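Asks: sequence-free structure coming up:
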C-alpha cells in the first residue's frame, strides 16, 4: 500500500495549471489499477522478507491476568487478493481489500504471577478485510495525504501454542483467542493510519526545489489542489527552471493550456512552451550553453581546420597579421533559445555568438573577432513504437560582425560556408538519426509503450501506457 502511494506521488512531479503551470499529468483509473496489480505481485513476492513487529499485552482470565508477548514472527503463507482501488471524485482514492488470509509462525512468552512459560505458535487469520479512503490535498505547495475513513475486520483467527508448559494455558485459550482477534482487528487500521502519517511527514519535509544537475533546479510545487475525478487524478506543478547560481525569472510569462484526459491510457502528460523555454533560459543563465572548439575536435580527414592559414580563405588579412597559428572558437548562446509549438510543428530561434582566438605557443589566446549568428529551425516529432522520430530543417541563418581586433571584413562568405555546413553535413546526419529513431527514456526501470505524442498550440501532449521494470510484473 505504501508503494502505491509513492507511485502516486511520483506523478505529482509531472503536472501543472493556472499559476500557470508548465507541466500537467493525469493518472487514469486504468493506470491506477495497473500499478495496483504490479504492486500486489511485488508484495506477494516480498512477504517472506517482511519482519513483523512484536505484539504484547495482557489478557484477563478468571484468576487474574496473563502477560504475553508474541515475537520473531514471520509470514509462512499469504493469499493476497488484488485490492479494489478507485478514485473518489472530489476526495482522493478508495481502497478495499477483502478475502485476505495469512499464516504466521513465531515465538511466545507468558507470565502469570511467578509462572513463566514460552514456546512457539501458529496463527492463521481468515478473510481479513480493509476499507479505507485517502484524501489528496495541497499544503505549502506540495501534495498532502490523509486518511478519512478506515475500517477493518477479521472473520476468524486460529491459534495453536506449542512447547513449554503451554498445556497449562490451553483451558484459557478462548480468552487469548478473543483478545488477539480484537487486537488484530484494531491494529490493522492503526497501522495503516500510522503509515499514512509517516508518509505525510516525509512529504512535508520534501523540498519543492528539485535539483536537476549542477547547473539548474526545477520548482516542482503544486500550483493548485489535485483534481480528482472518478476517471483519474490530475496534478499541476509549476515546472519552472532556475539557475543554481544565478536564479531569476525569465523575461517571458507562462502560458495556460488544458491537457485532455485520455482514459484509454495509463498516463497523460503535458509540457508547455514555458517549461522548455524556462529550462533553456536557466541553462543559458548558468553558462551551460557554450563550448570551446579546438582543432583536435575536427576529424583529420576534414578539408578545413582551425588555423589562421585556412581562415585566410575567408578573412584575407588574418594570416598576414598572425601567420601559421592554430585557432580556437568559443561558441555560446548569446540569448536563451526560444521554442514555440504550433499545431504539429516545433519552432526554435537560436541566438549565438562565436569568438575566435589565435593561439600562441605559450597558450596565450589572442582575441580576433566575434561573429553573431541568428538562426531559426522548424521540426516535427512523433513516436513510433518505442522510438522518438522526426525531422528538422533550417529556416534561416544570418551572420553579422559583432566585434573585431583585425579590422572589418565581409561576413557573406562565412555565412554561406555555415549554411553549407548545416545543410550538407549537420542536418543530414541529425535527420538520419531522427529517421532511425531515438529510444524512449526509462525512469527507474519503467518504460513507455503504446505512446502517442502530439504537438498542440502552445504545448506538447503525451498519452502513454507504462511497462514495468521487471518481467515478473508484466
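Replies: Noted; the coordinates are in hand. Model, not experiment: these values are computed from the prediction.

Asks: helix or strand next in line after the longest strand along the chain, which one?
Replies: Secondary structure of the chain per DSSP state E: the longest strand is strand 115-139. Heading C-terminal from strand 115-139, the first helix or strand you meet, by DSSP states H and E, is strand 142-162.

Asks: for that following strand, what is the distance to the chain centroid?
Replies: 31 Å (CA atoms, centre = their mean, to the nearest Å).

Asks: now the element after that strand, going C-ward?
Replies: Downstream of strand 142-162, the first helix or strand assigned by DSSP H and E is helix 173-205.

Asks: which strands and helices sit next to the helix or strand just after that following helix?
Replies: Remark: after helix 173-205, the chain's next helix or strand is strand 209-211, criterion DSSP H and E. Applying 3 or more CB pairs under 8 Å, 6 or more residues apart in numbering; DSSP states H and E, we find strand 209-211 packed against strand 216-219. Using the backbone N, CA and C atoms, a C-beta is placed for each residue, glycine as well.

Asks: any residues touching the strand it packs on, and which ones?
Replies: With CB atoms under 8 Å, 6 or more residues apart in numbering as the test, strand 216-219 has contacts from 208-212, 238-244, 279, 282-283, 286, 288.

Asks: let's go with 6 Å and repeat that
Replies: Outside strand 216-219, the residues within contact range by CB atoms under 6 Å, 6 or more residues apart in numbering are 209-212, 238, 240-244, 282-283, 286.

Asks: report the rounded mean pLDDT for the following helix or strand past it.
Replies: Using DSSP H and E, the helix or strand that follows strand 216-219 towards the C-terminus is strand 227-229. Across strand 227-229, pLDDT averages out at 94.

Asks: buried residues of strand 227-229, list them for me.
Replies: Under the neighbour-count criterion of 16 or more other CB atoms under 10 Å, strand 227-229 has 227-229 buried.

Asks: of those residues, closest to residue 337?
Replies: Nearest to residue 337, judged by CB to CB, of the buried residues of strand 227-229 is residue 227 at 32.3 Å.

Asks: which residues touch the closest one?
Replies: Contacts of residue 227 (CB under 6 Å, 6+ apart): residue 234.

Asks: residue 435 versus the closest residue to residue 230 other than its chain neighbours, what's the distance?
Replies: Distances taken as CB to CB, 6 or more residues apart in numbering place residue 89 nearest to residue 230, at 4.9 Å, with adjacent residues excluded. Plainly put, residue 89 is 45 Å away from residue 435 if you go by CB to CB, to the nearest Å.

Asks: and the angle for the longest strand of the chain with strand 142-162?
Replies: For strand 115-139 against strand 142-162, the angle by axes from the mean of the first three to the mean of the last three CA atoms, to 10 degrees is 160 degrees.

Asks: dump the buried residues of strand 227-229 into CSV; add distance to residue 345 as well.
Replies: Formatted as CSV, the buried residues of strand 227-229 follow (distance: CB to CB, whole Å):
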residue, distance to residue 345
227, 30
228, 35
229, 32
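
Asks: which of the residues you listed sits closest to residue 54?
Replies: Closest approach to residue 54 among the buried residues of strand 227-229 (CB to CB): residue 228, at 38.2 Å.

Asks: list the beta-bridge partners for that closest one.
Replies: Beta-bridge partners for residue 228, by DSSP bridges, are residue 233.

Asks: for residue 31, see how far away it is.
Replies: 14 Å.

Asks: just residue 451 next, same as before
Replies: Using CB to CB, residue 451 is found at 13 Å from residue 31.

Asks: for the stretch 201-350 of the chain, what spans make up the strands?
Replies: 209-211, 216-219, 227-229, 232-237, 240-243, 267-272, 290-293, 327-333, 338-342, 345-359 (DSSP state E, counting those that start in this stretch).

Asks: got any ranges where the stretch 1-150 of the chain has weak pLDDT?
Replies: 1-18, 48, 62 (pLDDT under 70).

Asks: what about 50?
Replies: Along the stretch 1-150 of the chain, the model assigns pLDDT under 50 to residues 1-18.

Asks: got the contact list for residue 336?
Replies: Here residue 336 is in contact with 280-281, 284 (CB under 6 Å, 6+ apart).

Asks: now that we have those, which one has the most neighbours?
Replies: Neighbour counts for the contacts of residue 336 (other CB atoms under 10 Å) peak at residue 281, which has 26 neighbours.

Asks: doesn't residue 250 make contact with that residue?
Replies: Yes. Judged on CB atoms under 6 Å, residue 281 makes contact with residue 250 at a distance of 4.2 Å.

Asks: buried subset of the contacts of strand 216-219?
Replies: Among the contacts of strand 216-219, those classed as buried by 16+ other CB under 10 Å are 238, 240-244, 282-283, 286.

Asks: may I see the buried residues of stretch 47-64?
Replies: In stretch 47-64, counting by 16+ other CB under 10 Å, buried: 55, 59.

Asks: now tell me what touches that stretch from outside.
Replies: 65-67, 69-71, 73, 75, 78, 172, 175-176, 179.

Asks: residues in contact with residue 111?
Replies: Counted by CB under 6 Å, 6+ apart, residue 111 has contacts residue 67.

Asks: now do the buried residues in the helix or strand containing it.
Replies: For residue 111, the element it lies in under DSSP H and E is strand 92-112. Neighbour-count burial for strand 92-112, counted by 16+ other CB under 10 Å, picks out 92-95, 97, 100-106, 108, 110, 112.

Asks: can you check stretch 414-428 too?
Replies: Result for stretch 414-428 [16+ other CB under 10 Å]: buried residues 414-415, 418-419, 422, 427.

Asks: next one: stretch 193-204
Replies: 196, 199-200, 203.

Asks: check stretch 310-318 too.
Replies: Going by neighbour count (16+ other CB under 10 Å), the buried part of stretch 310-318 is 311-312, 314-315, 318.

Asks: please apply the same query to stretch 332-342.
Replies: Result for stretch 332-342 [16+ other CB under 10 Å]: buried residues 333-341.

Asks: can you put the contacts of residue 336 in a markdown table and add pLDDT?
Replies: Putting the contacts of residue 336 into a markdown table (pLDDT from 0 to 100) gives the following:
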| residue | pLDDT |
| --- | --- |
| 280 | 96 |
| 281 | 96 |
| 284 | 96 |
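
Asks: returning to what we had before: from the buried ones among the contacts of strand 216-219, pick the one nearest residue 375.
Replies: Closest to residue 375, out of all of these and judged by CB to CB, is residue 283, at 17.8 Å.

Asks: quick one: contacts for the closest one?
Replies: Going by CB under 6 Å, 6+ apart, the list of residues near residue 283 reads 215-216, 289.

Asks: between those, which has the most around it?
Replies: Result: residue 216 is most packed of those (other CB under 10 Å), 22 neighbours.
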